[in-house]
Each structure stands twice: as structure tokens, then as C-alpha cells.
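[1] let's see this in three dimensions:
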Amino acid sequence: MTTMTDKETAALALRAPANAAEWQQVHGLRRRALFDDNPAYNENHPDDRNSDHRLLGLFLDGELIGTLRADLTHPVWAALRLVAVDPARRGLGYGVTMMQMAETFIKEKGWRQVRLHAKPDAIGFYKRCGYHLITWDEQARTPDCIDLGKHL
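    Below you'll find the model as predicted:
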């Protein structure tokens with residue numbers, strides 16, 4: 001596995017899309033990485049615009065290489081949704097760094113627990129990030145997901 005250089009790490013920013021073009025980049029990445037280019041993907045889904053949800057992109061020198069959404073609606077835990085890294089950038093450490101940055105963001109907002117629904121092929125990644133199996137009564141969008149959580 002190749003890892004990021006210090007220069008690459010310093011050039012990373014986790015932030016909201018700044019304009020319509022960046023929003024389109026987020027949707028394109030989601031389609032490729034999470035939805036297998038399914039035309040049913042809804043880029044106008046209201047959850048992305050909810051005032052208690054934060055859609056964030058991981059940018060490397062202005063290029064979108066990852067994305068996730070932090071839902072800050074529950075009083076005890078935050079939920080991470082639609083976590084994706086550009087398939088061409090996987091295995092380079094960007095996903096782990098994005099998760100760490102998201103967890104710092106969530107902690108700074110006042111939450112101390114994070115939950116997510118993980119696809120089976122991503123379980124190893126999340127376990128490397130410190131997530132463990134939890135019981136969560138929220139239904140995942142797909143039935144094969146595994147519920148994971150972490151204390152911050």
C-alpha cells in the first residue's frame with residue numbers, strides 16, 4: 001500500500017462544496033463509487049440540504065477525491081453517510097485521513113459518538129478506523145449493511 005506524503009496531507013481540506021461545479025463533482029463521485037452509475041441516484045435528495053446535515057468533500061489541491069455526509073440530528077450520536085473515496089485513490093490513506101478529519105469536525109460540533117451503516121466489503125476499512133459492531137434501530141437503505149459505531 002502506498003501512503004500519502006506529508007505534502008499531500010498538508011494539501012487536504014475537508015469542507016462543504018463551494019459552488020455548483022463542486023456539488024456536481026460530489027454527485028459524480030457518489031455515482032461512481034457508491035451507486036454503480038445507477039440512474040436512480042437522486043442528486044436533489046433533501047437529506048443533502050437538511051440544515052442539520054453537513055455534506056463534506058475531501059479536496060486535494062482543489063480536486064475532489066472523497067466525500068461523506070455528517071448528520072447531526074440526533075442528540076447523542078452523529079451519523080456518517082455516503083462515505084466514498086475516488087476508486088482511483090483507494091488504498092493510499094485518503095479514506096482514513098478523511099474519516100479522522102470528519103471525526104474531528106463532529107467532535108468540535110459537540111458529539112462524542114458516531115454511527116454508520118457499512119457495506120460488507122467496507123467493514124475492514126472501518127475496523128481499521130476504530131469502528132466496532134453496534135446495535136442500531138435505524139434501518140439501513142440496503143439490507144446487507146452492518147451497523148458500526150465509535151466513541152470519539
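[2] need the contact list for Asp37.
    Arg31 (CB atoms under 8 Å, 6 or more residues apart in numbering). Backbone N, C-alpha and C define where each C-beta goes, glycine included.
[3] wait, a helix at it?
    No - according to DSSP: H, G, I helix; E, B strand; the rest coil, the state of Asp37 is coil, so it is not within a helix.
[4] pLDDT below threshold where in the protein?
    1-10 (pLDDT under 70).
[5] can we see that at 80?
    Applying pLDDT under 80 to the chain picks out residues 1-10, 37.
[6] just the helices in it please.
    With DSSP state H applied, the chain shows helices at 6-10, 20-33, 94-108, 123-128, listed in chain order.
[7] ranking those by burial, who's on top?
    Most buried of those by mean neighbour count (mean count of other CB atoms under 10 Å) is helix 94-108; its value is a mean of 18.
[8] contact partners of that one?
    By CB under 8 Å, 6+ apart, helix 94-108 touches 4, 9, 12, 14, 54, 56, 58, 60, 65-66, 68, 70, 72, 78, 80, 83, 85, 114, 125, 128-129, 150, 152.
[9] buried subset of those?
    4, 12, 14, 54, 56, 58, 60, 65-66, 68, 70, 72, 78, 80, 83, 85, 114, 125, 129, 150 (16 or more other CB atoms under 10 Å).
[10] on that earlier part again, dump the helices of the chain to TSV, plus distance to Pro143.
    Shown next, in TSV, are these (distance: least, CB to CB, whole Å):
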stretch	distance to Pro143
helix 6-10	37
helix 20-33	20
helix 94-108	24
helix 123-128	15
